[in-house]
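Chemist: Provided below are the primary sequence and the corresponding predicted coordinates.
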Amino acid sequence: MSTGGWIFFAVVAALVIWAIAMYNRLVALRNRFKNAFAQIDVQLKRRYDLIPNLVETAKGYIKHERETLEAVTKARGDAVSAAQRAAAKPGDPAAMQALGQAEGALAGVLGRLFALAEAYPDLKANQNMLALQEELTSTENKVSFARQGYNDSVMEYNTRRESFPENICAGMFGFGPAELLQATESAEERKAVQVKF
């Protein structure tokens with residue numbers, strides 16, 4: 001083989017290795033944001049498991065506030081369904097938007113429940129309610145940290161996927177954009193949930 005043939009072979013081999021490295025980097029970044037979403041999912045499941053206990057505890061004290069309790073239960077069910085869809089397709093724009101909306105609705109009805117509970121001194125003093133409130137507050141903080149980690153991973157993935165020359169590799173191998181998990185609450189729901197009793 002001539003020197004020109006070896007140079008051509010070396011250039012082609014270098015391009016193939018470079019393309020493989022770009023592909024593997026995109027795979028690693030995609031797996032990183034999927035793992036980051038799994039961390040959110042763990043915390044969301046923990047929160048969803050706390051809510052029925054919270055409703056049961058409150059039910060004994062605020063029986064005539066059935067509408068609020070039913071709204072919490074329904075919002076929890078909607079959020080669980082949205083979280084399951086998002087867990088099946090982390091980064092999918094429709095799934096992430098649906099989860100954000102469901103979480104916003106759940107935060108809103110939980111805020112109403114806590115505001116309502118303020119009017120019931122016996123409920124405010126209930127040890128089970130206090131323990132649940134503490135666990136819920138801790139879980140909310142963990143969800144926030146996990147969401148930040150997920151969004152950071154998605155941003156890194158999207159930036160790399162959209163940058164030249166990775167955008168060519170991303171287009172060829174179907175690396176689609178990933179969606180951030182954003183809060184979609186209204187201004188009223190965006191206020192911090194007060195869980196002090």
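Modeler: That came through fine.
Chemist: Against residue 10, how distant is residue 173?
Modeler: Going from residue 173 to residue 10 by Cβ to Cβ, to the nearest Å gives 25 Å. Glycine gets a C-beta too; all of them are placed from N, C-alpha and C.
Chemist: Any stretches of this protein with poor pLDDT?
Modeler: For the chain, applying pLDDT under 70 flags the ranges 183-197.
Chemist: can you map out the helices along it?
Modeler: 3-59, 66-88, 93-117, 121-125, 127-162, 166-173, 187-190 (DSSP state H).
Chemist: any idea which of those is most buried?
Modeler: helix 93-117 (a mean of 20; mean count of other Cβ atoms under 10 Å).
Chemist: Tell me which other helices or strands it touches.
Modeler: Contact here means 3 or more Cβ pairs under 8 Å, 6 or more residues apart in numbering; DSSP states H and E; on that basis helix 93-117 packs against helix 3-59, helix 66-88, helix 187-190.
Chemist: Turn these into CSV, columns for distance to residue 115.
Modeler: What follows is those, written out as CSV (distance: least, Cβ to Cβ, whole Å):
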stretch, distance to residue 115
helix 3-59, 12
helix 66-88, 9
helix 187-190, 11
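Chemist: between those, which gets nearest to residue 145?
Modeler: helix 3-59 (8.5 Å; Cβ to Cβ).
Chemist: The closest one packs against which elements?
Modeler: Counting by 3+ Cβ pairs under 8 Å, 6+ apart, helix 3-59 packs on helix 66-88, helix 93-117, helix 127-162, helix 166-173.
Chemist: cutoff 6 Å now
Modeler: helix 66-88, helix 127-162, helix 166-173 (3 or more Cβ pairs under 6 Å, 6 or more residues apart in numbering; DSSP states H and E).
Chemist: now what about the first one, what contacts it?
Modeler: For helix 66-88, the surrounding residues in contact (Cβ atoms under 6 Å, 6 or more residues apart in numbering) are 41, 44, 48, 51, 55, 59, 95, 98-99, 102-103, 105-106, 109, 112-113, 116.
Chemist: Repeat the analysis, applying 7 Å as the threshold.
Modeler: 41, 44, 48, 51, 55, 58-59, 95-96, 98-99, 102-103, 105-106, 109-110, 112-113, 116 (Cβ atoms under 7 Å, 6 or more residues apart in numbering).
Chemist: next one: the last one
Modeler: Taking contacts as Cβ under 7 Å, 6+ apart, the residues outside helix 166-173 that touch it are 19, 22, 23, 26, 160, 161.
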